[in-house]
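Enquirer: My questions concern the predicted model and sequence given below.
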Amino acid sequence: MRNKRNSTIALVLGTIACLVGGWLLLRGATSLTTFPLNTLSPQGRKADIIYDLVVPVFAIAGLVFILVEVGVVWMAYRFRRNEEDREGEGEPVQVHGNTGLEIGWTIVPALLLAVIAVFNANAILQMDDVREDAIDVTVIGQQWWWEYRYDTDSDGAVDIITASQLVMPAGRDVKLAIQSRDVIHSFWIPALNGKKDAVPGRTHDLVLEAAEPGIYEGQCTEFCGLSHGVMRMQVKVLDQADYDEWVDIMTTPPEQPTDDAAVAGQELFVQQCSTCHQVNGLEPGAQAPYEYAEMPNPNYGEDVGSTLLSQNAPNLTHLMMRDTFAGSLLDLYEDSDVNAIDSGVGLGSVVPEGEPNYNNLKRWLRNPESIKPMDPANNQGMPNLGLSEAQIDELVAYLVTLK
Ligand SMILES: [Cu+2]
């Protein structure tokens, strides 16, 4: 019958399309530069554990897939209606039940799954293992950016607060304590580990380690509102000496501005911005720190002196030490090769190099909501403050001194 032949052809073509499509997908997906959010190019010991589990399991699954598909195609061909049937001689011989086969295809998959389970359990145990010299970082998901808090001397108090870009030394474990300030987010740096949800009121641990310096991209992977799709993050990995230098810079307040525009900008900042943003080391009393007890989520702000934190906005003390801002959506420097949008892995320097990206900073201050969908009326994101161009120039002159 024509119908039978057509469906056999469709089956064969469909199988070929699946195989070719899958192969193309895998081929493309192994490059980190073209696809920065790529789990198939592991760059650290935790990502290696996942990769070493995924590849053999995928190979077994692929083999099973091919065997089943070949079987289906063969049966469709072998048992199709033949010439006599067409003359109305009745249906083909009806077969039903084959005890041997049925036991076989129950036992073989069960055995396969049992073997995979052993490797799986082993991998899960390895994921939790943390080296002694690990660095502790608290990660707080917010609508729509990530905050990182470092306790560099392990005395229980926070020494560094930064945003969007997590900085860590190569070859060292970093133990993240992941929290959320508002809704559920999910922290994911595909090249370094699997994803972990940030759930309000809870703390989830995740260990990251990167073998080599570089910039590794990430993306929030739990729908968290308006700007979820552009809630990005980066991990900037430096070698140990560079990391130590970074810690030194981050724990020293930036120098006070000297040129007139920047001084005026600082004054404006205190009036217009410091109700939400903190810059450590500004004159005491100049700002109104948000009291820790008023934080909506009791987890948020634990062990943090109120001097380090104002409202739910990024701490800007060392703004210019990041390569990107606004949840890694925008470049902070011209000609930066670490743009989250159009390039993959770059090599970061301790202090980002190049001219500050004045254009991006000004665009942001002119009207942040036009760049990143936000809802400041409901305390989500930064409002349009209706600044004049002159004010914007002064503010930016100040912001670029924050190194
Ligand atoms: Cu999110």
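Expert: Sure, I can see it. Residues are numbered from 1 along each chain as shown.
Enquirer: Tell me who's in contact with residue 127.
Expert: Shown here is residue 127, whose contacts under the criterion C-beta atoms under 8 Å, 6 or more residues apart in numbering are 46, 49, 50, 193, 194, 207. For every residue, glycine as well, the C-beta is placed using N, CA and C.
Enquirer: That one: which element?
Expert: helix 99-128 (DSSP states H and E).
Enquirer: Can you name the element that comes right after that helix?
Expert: Tracing the chain past helix 99-128, the next element assigned as helix or strand by DSSP H and E is strand 135-142.
Enquirer: Give me the contact list for that next one.
Expert: By C-beta under 8 Å, 6+ apart, the list of residues contacting strand 135-142 from outside reads 146-152, 154, 158, 166, 168-169, 172-182, 184-187, 198, 220, 224, 300, 312.
Enquirer: ok, 7 Å please
Expert: Outside of strand 135-142, the residues within contact range by C-beta atoms under 7 Å, 6 or more residues apart in numbering are 146-151, 154, 166, 168, 172, 174-182, 185, 187, 198, 220, 300, 312.
Enquirer: relative to helix 99-128, how tilted is the longest helix along the chain?
Expert: Within the chain, and with DSSP state H defining each element, the longest helix by residue count is helix 45-78. Interaxial angle, helix 45-78 versus helix 99-128 (axes from the mean of the first three to the mean of the last three C-alpha atoms, to 10 degrees): 160 degrees.
Enquirer: tell me which helix or strand of the protein sits lowest on mean pLDDT?
Expert: Of all the helices and strands that make up the chain, helix 83-86 has the lowest average by mean pLDDT, DSSP states H and E, namely a mean of 62.
Enquirer: Distance check, residue 258 against the ion.
Expert: The gap separating residue 258 from the ion is 39 Å, by C-beta to the ion, to the nearest Å.
Enquirer: give me the element that residue is part of.
Expert: Under the criterion of DSSP H and E, residue 258 resides outside all helices and strands.
Enquirer: Each with direction, which strands does the host helix or strand of residue 234 pair with?
Expert: Following DSSP H and E, one finds residue 234 within strand 232-238. Strand partners for strand 232-238, identified by DSSP bridges, are recorded as strand 165-169 (parallel), strand 214-219 (antiparallel).
Enquirer: right, and those strands - which one's nearest the ion?
Expert: Distances from the ion to each of the strands paired with strand 232-238 were compared using C-beta to the ion; the shortest belongs to strand 214-219, at 8.9 Å.
Enquirer: how about the residues of the stretch 201-350 of the chain near the ion?
Expert: Contact residues (C-beta under 5 Å from the ion) of the stretch 201-350 of the chain with the ion: 220, 224, 231.
Enquirer: list the contacts for the second one?
Expert: By C-beta under 7 Å, 6+ apart, the contact list for residue 224 reads 143, 144, 183, 184, 185, 231.
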